[in-house]
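Asks: prediction below, plus the sequence it came from.
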Amino acid sequence: MNHDQLKRLVPDDGQGYDWKDCVALIPRLARLEETPQDPVYHAEGNVGTHTRMVLDALLQDPGFIDADEARRFVLFFAALLHDIAKPETTVIDRVGGRISQPGHSRRGAVDARILLWQAGVPFTLRERICRIIDVHQLPFFAFASRRGDSPQWLVHKLSWELALPELVCVARCDMAGRRYQGQADCLQDIALFEELAREEGCWDGPRAYVDAHTRLAYCRAAQGHPDHARFQLPGSAVTVMCGLPASGKDSWVRVHRPGLPVVSFDDAKAELGLKHGENDGKAAHHAVDKARALLRQGAPFVWNATHLSRQMRDKTLDLLWAYHAEIELVYLEQAREVVMARNAQRDTSLSNAALERMLHRWELPLPTEAHRVDYQVA
């Protein structure tokens, strides 16, 4: 499977899609036909039926009809893959028989990323698709957030992470492509979400902020207001590296941050005489202690680690934020064949098989995670 083959699945004007061709190219889609859904929200039946109904709705949606070729590719594959992880996340309550798929959006974004990376889909197109999948249900619940987030904050933050017209189009088709008693109310909420984004100046691009620090404080915890500058206390200037093993982080640091102290889990393991996967907790504590010492001094440094998952990145970023650091996040990426070839040649205890398993934690940093986020993609 490659990018050109995937492009041929996207319908041209006035044409439909071929589900059999989709399944033939992406065999994992066949499992959707065997995956049940809660009849309260999906009276139409299994996930495969729902996905085809979403695609049918997409082909009739002005957001798709009026889109250019690149946006059509993004919208089609976001719709096709939006529930790709439901088979693996399905839970059936033994007592009441209710069906749920907790975390399917987040896992689906990771699974789609792996699939599209292996197919050689260009980085920008791939991440537009994955970011939609990750949050494709948010417009349903923007006005009744379980976490108590305001809809204004939500559209402000999301506008920095993806194109809201693309998200709204997929959400609208996701809701239209089902049989659900509350469908009309949800479609109205999605329309209100769009109207709010337009009113807040986020529909056609990111919401403007007075500066990067104000934006980061606001996006982290809804602190302050986008138009009112937040005072930034002095702290360390920290470059946080992120990327798969063998993506070139060490080389980048040597070239672009020469002479700076480096906090590294790999260095910590070497200093402690540990192999890959051996007492990672001890190595992490060793690295964090070194980082704290540098932060207390206000010294600039590099934090060099994979930082693949959002959870692991948050631990680092939360610590840096607590010490008032100026945070630059640098993400590096190479093609799959390059990563695997490099890793096989390295002097490391990390096998390619172990690296493949790491892909299932592969969540890219978002522009809202640091003062600056730099994507270096070969």
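Replies: Ah, there it is.

Asks: quick one: the strands in the stretch 151-300 of the chain?
Replies: 237-242, 262-264 (DSSP state E, counting those that start in this stretch).

Asks: now what about stretch 220-234, what contacts it?
Replies: Here stretch 220-234 makes contact (CB atoms under 8 Å, 6 or more residues apart in numbering) with 149-150, 153, 156, 207-211, 213-215, 217-218, 298, 321, 324, 326, 368. Where C-beta positions appear, they are placed from N, C-alpha and C, glycine not excepted.

Asks: what comes up buried for it?
Replies: Neighbour-count burial for stretch 220-234 flags Ala222, Gly224, Pro226, Arg230 (criterion: 16 or more other CB atoms under 10 Å).

Asks: repeat for stretch 330-347
Replies: Those buried within stretch 330-347 under the rule 16+ other CB under 10 Å are Val330, Tyr331, Leu332, Glu333, Gln334, Arg336, Val339, Met340, Arg342, Asn343.

Asks: ok, which pair from the residues you listed is furthest apart?
Replies: The most widely separated members of the buried residues of stretch 330-347, counting by CB to CB, are Val330 and Met340 (22.0 Å).

Asks: go through this protein and flag its longest strand.
Replies: Taking DSSP state E as the criterion, the chain has its longest strand at strand 326-333.

Asks: can I get it in CSV, CA atoms only?
Replies: Taking only C-alpha atoms (Å, rounded to 0.1, in the frame of the first residue of the first chain), the coordinates of strand 326-333 have been written out as CSV:
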residue,chain,number,x,y,z
GLU,A,326,10.8,28.9,28.0
ILE,A,327,9.9,25.7,26.1
GLU,A,328,10.9,24.9,22.6
LEU,A,329,9.7,21.5,21.4
VAL,A,330,11.6,20.0,18.4
TYR,A,331,10.0,16.9,16.7
LEU,A,332,12.1,14.9,14.3
GLU,A,333,10.8,12.3,11.8
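
Asks: what helices or strands is the next helix or strand along the chain from it leaning on?
Replies: For strand 326-333, the following helix or strand on the C-terminal side (DSSP states H and E) is helix 336-345. With contacts taken as 3 or more CB pairs under 8 Å, 6 or more residues apart in numbering; DSSP states H and E, helix 336-345 sits against helix 352-358.

Asks: quick one: residues in contact with the helix it packs on.
Replies: With CB under 8 Å, 6+ apart as the criterion, helix 352-358 contacts Leu244, Pro245, Ala246, His276, Gly277, Thr306, Leu308, Val339, Met340, Asn343, Ala344.

Asks: between the residues you listed, which is closest to Gly177?
Replies: Among these, and counting by CB to CB, the member closest to Gly177 is Leu308, at 32.4 Å.

Asks: could you find the closest non-adjacent residue to that closest one?
Replies: Closest residue to Leu308 apart from its sequence neighbours, by CB to CB, 6 or more residues apart in numbering: Arg361 at 4.9 Å.

Asks: any idea how far the one you found is from Thr214?
Replies: Arg361 is 31 Å from Thr214, where distance means CB to CB, to the nearest Å.

Asks: backbone dihedrals for the residue nearest to Leu308, both of them.
Replies: Here is the backbone geometry of Arg361 (degrees, to the nearest 10): phi -110, psi 20.

Asks: who are the contact partners of it?
Replies: Neighbouring residues of Arg361 by CB under 8 Å, 6+ apart: Val110, Leu308, Ser309, Met312.

Asks: what's the answer for Val338, then?
Replies: Val338 sits next to Ala246, Ala378 when contact means CB under 8 Å, 6+ apart.

Asks: can you name every helix or strand that the helix or strand bottoming out on mean pLDDT in the chain contacts?
Replies: Every helix and strand in the chain was compared by mean pLDDT, DSSP states H and E; the lowest is helix 265-272, with a mean of 73. Applying 3+ CB pairs under 8 Å, 6+ apart, we find helix 265-272 packed against helix 280-297.

Asks: which helix or strand lies directly C-terminal to the helix it packs on?
Replies: strand 301-304.

Asks: and the strand or helix carrying Gly108 with helix 336-345, angle?
Replies: Per DSSP H and E, Gly108 falls inside helix 104-118. Here helix 104-118 runs at an angle of 80 degrees relative to helix 336-345 (axes from the mean of the first three to the mean of the last three CA atoms, to 10 degrees).

Asks: can you point out the buried residues in the helix or strand following helix 104-118?
Replies: Downstream of helix 104-118, the next assigned helix or strand under DSSP H and E is helix 123-134. Neighbour counts using 16+ other CB under 10 Å place Leu125, Arg126, Glu127, Arg128, Ile129, Cys130, Arg131, Ile132, Ile133, Asp134 of helix 123-134 among the buried residues.

Asks: do stretch 112-120 as well
Replies: Buried positions in stretch 112-120, judged by neighbour count with 16+ other CB under 10 Å: Ala112, Arg113, Leu115, Leu116, Trp117, Ala119.
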